[in-house]
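just the structure for this:
(one chain, ligands or ions: 2)
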Amino acid sequence: MSEIDRIAQQIQKIGFQCQRCGDCCRGGDVWVMIYPTEIRAIMELTSSSWECVAEPYPEQVPLPSGQVCTFEWALKKKGDRCIFLETNCCQIYLSRPWICRTYPFLLFEERLFHENCPGLGKEIGKAEAFALSRNLINRRETERKEEARVREHGKHLERVKGRRILIDGEGVKILCE
Ligand code: SF4
Ligand code: SF4
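Ligands and ions are numbered 1, 2, ... in the order given. Prediction:
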(Lines give C-alpha, C1' and ligand atoms only; values in the text may rest on other atoms or scores of the structure.)
(Ligands and ions follow the chains in the order given, each with its own letter.)
Protein backbone atom coordinates (compact mmCIF):
# COMPACT_ATOMS: atom_id res chain seq x y z
CA MET A 1 0.00 0.00 0.00
CA SER A 2 1.34 3.46 -0.85
CA GLU A 3 2.15 5.92 1.95
CA ILE A 4 -0.55 8.32 0.82
CA ASP A 5 -3.19 5.55 1.02
CA ARG A 6 -1.90 4.31 4.37
CA ILE A 7 -2.07 7.77 5.96
CA ALA A 8 -5.48 8.45 4.40
CA GLN A 9 -6.76 5.23 5.95
CA GLN A 10 -5.39 6.24 9.37
CA ILE A 11 -7.06 9.64 9.08
CA GLN A 12 -10.37 8.00 8.20
CA LYS A 13 -10.03 5.70 11.18
CA ILE A 14 -9.32 8.63 13.55
CA GLY A 15 -11.98 10.80 11.90
CA PHE A 16 -11.90 14.54 11.41
CA GLN A 17 -14.27 17.30 10.38
CA CYS A 18 -13.34 20.90 11.16
CA GLN A 19 -15.94 22.50 13.46
CA ARG A 20 -14.80 26.03 12.56
CA CYS A 21 -14.31 26.91 16.21
CA GLY A 22 -11.13 28.88 15.44
CA ASP A 23 -9.34 27.48 18.49
CA CYS A 24 -6.25 26.60 16.46
CA CYS A 25 -5.97 30.22 15.28
CA ARG A 26 -5.93 31.94 18.65
CA GLY A 27 -4.35 31.68 22.06
CA GLY A 28 -1.30 33.22 23.67
CA ASP A 29 0.80 30.14 23.00
CA VAL A 30 -0.43 29.55 19.45
CA TRP A 31 2.27 30.52 16.95
CA VAL A 32 2.06 29.27 13.38
CA MET A 33 5.51 28.85 11.83
CA ILE A 34 5.62 30.08 8.28
CA TYR A 35 8.27 30.00 5.55
CA PRO A 36 9.30 32.79 3.15
CA THR A 37 7.58 31.20 0.15
CA GLU A 38 4.33 31.05 2.14
CA ILE A 39 4.74 34.62 3.34
CA ARG A 40 5.20 35.82 -0.24
CA ALA A 41 2.08 33.94 -1.39
CA ILE A 42 0.02 35.63 1.36
CA MET A 43 1.58 39.03 0.54
CA GLU A 44 0.45 38.58 -3.05
CA LEU A 45 -3.05 37.49 -2.07
CA THR A 46 -3.57 40.32 0.42
CA SER A 47 -1.40 43.03 -1.18
CA SER A 48 0.32 43.38 2.19
CA SER A 49 3.91 43.96 3.23
CA TRP A 50 6.11 41.27 4.82
CA GLU A 51 5.75 42.99 8.21
CA CYS A 52 1.95 42.83 7.99
CA VAL A 53 2.02 39.06 7.39
CA ALA A 54 4.82 37.72 9.56
CA GLU A 55 7.00 38.39 12.57
CA PRO A 56 10.12 36.56 13.80
CA TYR A 57 9.22 33.25 15.44
CA PRO A 58 9.17 33.95 19.20
CA GLU A 59 11.99 31.60 20.20
CA GLN A 60 15.59 32.66 20.38
CA VAL A 61 18.71 30.56 20.61
CA PRO A 62 21.91 32.06 22.04
CA LEU A 63 24.98 31.22 19.94
CA PRO A 64 28.60 30.81 21.14
CA SER A 65 29.45 33.88 18.99
CA GLY A 66 27.31 36.05 21.30
CA GLN A 67 24.61 36.36 18.63
CA VAL A 68 21.00 35.53 19.33
CA CYS A 69 19.35 33.50 16.59
CA THR A 70 15.72 33.02 15.59
CA PHE A 71 14.70 30.33 13.15
CA GLU A 72 11.94 31.19 10.69
CA TRP A 73 8.83 33.35 11.01
CA ALA A 74 5.40 33.19 12.63
CA LEU A 75 2.09 34.39 11.26
CA LYS A 76 1.47 37.87 12.59
CA LYS A 77 -0.91 38.08 15.54
CA LYS A 78 -3.29 40.76 16.72
CA GLY A 79 -3.68 40.32 20.46
CA ASP A 80 -3.94 36.60 21.05
CA ARG A 81 -5.15 35.63 17.56
CA CYS A 82 -3.87 35.22 14.04
CA ILE A 83 -4.27 38.48 12.19
CA PHE A 84 -6.17 36.66 9.43
CA LEU A 85 -8.87 35.21 11.67
CA GLU A 86 -12.18 37.02 11.40
CA THR A 87 -15.35 35.72 13.05
CA ASN A 88 -13.79 32.24 13.14
CA CYS A 89 -13.07 32.32 9.40
CA CYS A 90 -9.67 32.30 7.75
CA GLN A 91 -9.34 35.32 5.46
CA ILE A 92 -6.48 33.74 3.50
CA TYR A 93 -7.97 30.26 3.23
CA LEU A 94 -6.61 29.53 -0.26
CA SER A 95 -3.09 30.61 0.69
CA ARG A 96 -3.01 29.42 4.29
CA PRO A 97 0.29 27.87 5.37
CA TRP A 98 0.96 24.11 5.40
CA ILE A 99 0.50 23.92 9.18
CA CYS A 100 -3.02 25.36 8.92
CA ARG A 101 -3.78 23.27 5.83
CA THR A 102 -2.99 20.02 7.66
CA TYR A 103 -4.09 20.84 11.23
CA PRO A 104 -4.62 18.97 13.55
CA PHE A 105 -2.40 16.33 11.90
CA LEU A 106 1.32 16.17 11.40
CA LEU A 107 3.82 13.62 10.16
CA PHE A 108 6.98 12.87 12.07
CA GLU A 109 9.03 10.83 9.62
CA GLU A 110 6.52 8.10 8.62
CA ARG A 111 4.25 8.37 11.65
CA LEU A 112 1.00 10.27 11.89
CA PHE A 113 0.33 12.39 15.01
CA HIS A 114 -2.42 14.80 15.89
CA GLU A 115 -3.07 17.70 18.23
CA ASN A 116 -6.19 17.93 20.35
CA CYS A 117 -9.01 19.39 18.34
CA PRO A 118 -12.82 19.34 18.62
CA GLY A 119 -13.04 18.09 15.02
CA LEU A 120 -11.38 14.75 15.75
CA GLY A 121 -13.55 11.63 15.81
CA LYS A 122 -16.02 13.02 13.24
CA GLU A 123 -16.66 11.14 10.02
CA ILE A 124 -14.46 12.08 7.08
CA GLY A 125 -14.95 10.97 3.46
CA LYS A 126 -12.36 8.97 1.55
CA ALA A 127 -11.54 11.77 -0.92
CA GLU A 128 -11.12 14.33 1.89
CA ALA A 129 -8.87 12.00 3.88
CA PHE A 130 -6.80 11.35 0.76
CA ALA A 131 -6.41 15.10 0.12
CA LEU A 132 -5.33 15.64 3.72
CA SER A 133 -2.85 12.78 3.43
CA ARG A 134 -1.40 14.27 0.24
CA ASN A 135 -1.04 17.66 1.94
CA LEU A 136 0.71 16.08 4.93
CA ILE A 137 3.25 14.39 2.66
CA ASN A 138 3.81 17.58 0.67
CA ARG A 139 4.19 19.53 3.92
CA ARG A 140 6.83 17.08 5.17
CA GLU A 141 8.72 17.42 1.89
CA THR A 142 8.58 21.22 2.05
CA GLU A 143 9.77 21.19 5.67
CA ARG A 144 12.68 18.89 4.86
CA LYS A 145 13.84 21.12 2.01
CA GLU A 146 13.46 24.26 4.10
CA GLU A 147 15.39 22.73 7.02
CA ALA A 148 18.22 21.73 4.66
CA ARG A 149 18.42 25.30 3.34
CA VAL A 150 18.41 26.71 6.89
CA ARG A 151 21.22 24.32 7.90
CA GLU A 152 23.24 25.42 4.89
CA HIS A 153 22.80 29.13 5.64
CA GLY A 154 23.67 28.49 9.29
CA LYS A 155 27.15 27.35 8.30
CA HIS A 156 28.27 30.84 7.36
CA LEU A 157 27.39 32.93 10.41
CA GLU A 158 30.94 34.22 10.89
CA ARG A 159 30.31 36.59 7.95
CA VAL A 160 27.27 38.13 9.64
CA LYS A 161 27.80 41.24 11.75
CA GLY A 162 24.42 41.69 13.46
CA ARG A 163 23.76 40.57 17.05
CA ARG A 164 20.10 39.54 16.54
CA ILE A 165 19.80 37.32 13.51
CA LEU A 166 17.13 35.22 11.84
CA ILE A 167 17.80 32.27 9.56
CA ASP A 168 15.19 31.13 7.06
CA GLY A 169 15.30 29.29 3.74
CA GLU A 170 16.35 32.49 1.97
CA GLY A 171 19.39 33.19 4.13
CA VAL A 172 20.57 35.00 7.25
CA LYS A 173 18.73 38.20 8.07
CA ILE A 174 19.71 40.82 10.64
CA LEU A 175 16.92 41.86 13.01
CA CYS A 176 16.56 45.24 14.73
CA GLU A 177 17.66 45.34 18.37
S1 SF4 B 1 -9.08 22.48 13.00
FE2 SF4 B 1 -9.92 21.93 15.01
S3 SF4 B 1 -9.36 23.61 16.40
FE4 SF4 B 1 -9.09 24.33 14.27
S5 SF4 B 1 -11.04 25.36 13.73
FE6 SF4 B 1 -11.19 23.22 13.04
S7 SF4 B 1 -12.14 22.14 14.75
FE8 SF4 B 1 -11.41 24.08 15.57
S1 SF4 C 1 -3.87 31.56 8.53
FE2 SF4 C 1 -6.02 31.09 8.73
S3 SF4 C 1 -6.09 28.97 9.44
FE4 SF4 C 1 -4.01 29.72 9.80
S5 SF4 C 1 -3.99 30.49 11.91
FE6 SF4 C 1 -4.50 32.22 10.56
S7 SF4 C 1 -6.73 32.30 10.47
FE8 SF4 C 1 -6.14 30.27 11.27
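
check the secondary structure at Glu141 for me.
helix (DSSP: H, G, I helix; E, B strand; the rest coil).

could you check how far it is from ligand 2?
The gap separating Glu141 from ligand 2 is 20 Å, by Cβ to the nearest ligand atom, to the nearest Å. In this view, the C-beta of every residue, glycine as well, is placed from N, C-alpha and C.

now stretch 19-26: mean pLDDT?
On average, the pLDDT along stretch 19-26 is 95.

that stretch vs ligand 1: in contact?
Yes. For stretch 19-26, a contact with ligand 1 is found by Cβ under 6 Å from any ligand atom, at 19-24.

that stretch: end-to-end distance?
15 Å (Cα to Cα, to the nearest Å).

before we move on, the earlier item: mind giving me the PyMOL command for buried ones among the residues of stretch 19-26 next to ligand 1?
Selection of the buried residues among these in PyMOL, burial being defined by 16 or more other Cβ atoms under 10 Å:
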select buried, resi 22+23+24
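
now secondary structure too, for the residues of stretch 19-26 next to ligand 1, in JSON lines please.
Listed next are those as JSON lines, based on three-state DSSP:
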{"residue": "Gln19", "secondary structure": "coil"}
{"residue": "Arg20", "secondary structure": "coil"}
{"residue": "Cys21", "secondary structure": "coil"}
{"residue": "Gly22", "secondary structure": "coil"}
{"residue": "Asp23", "secondary structure": "helix"}
{"residue": "Cys24", "secondary structure": "helix"}
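
what's the closest of the residues of stretch 19-26 next to ligand 1 to Leu175?
Minimum distance to Leu175 across these is 27.1 Å, recorded for Cys24 (Cβ to Cβ).

do you know how far Glu59 is from ligand 1?
Separation of Glu59 from ligand 1 (Cβ to the nearest ligand atom) stands at 22 Å.

kindly report the same for Val68.
Using Cβ to the nearest ligand atom, one gets 32 Å for the distance from Val68 to ligand 1.
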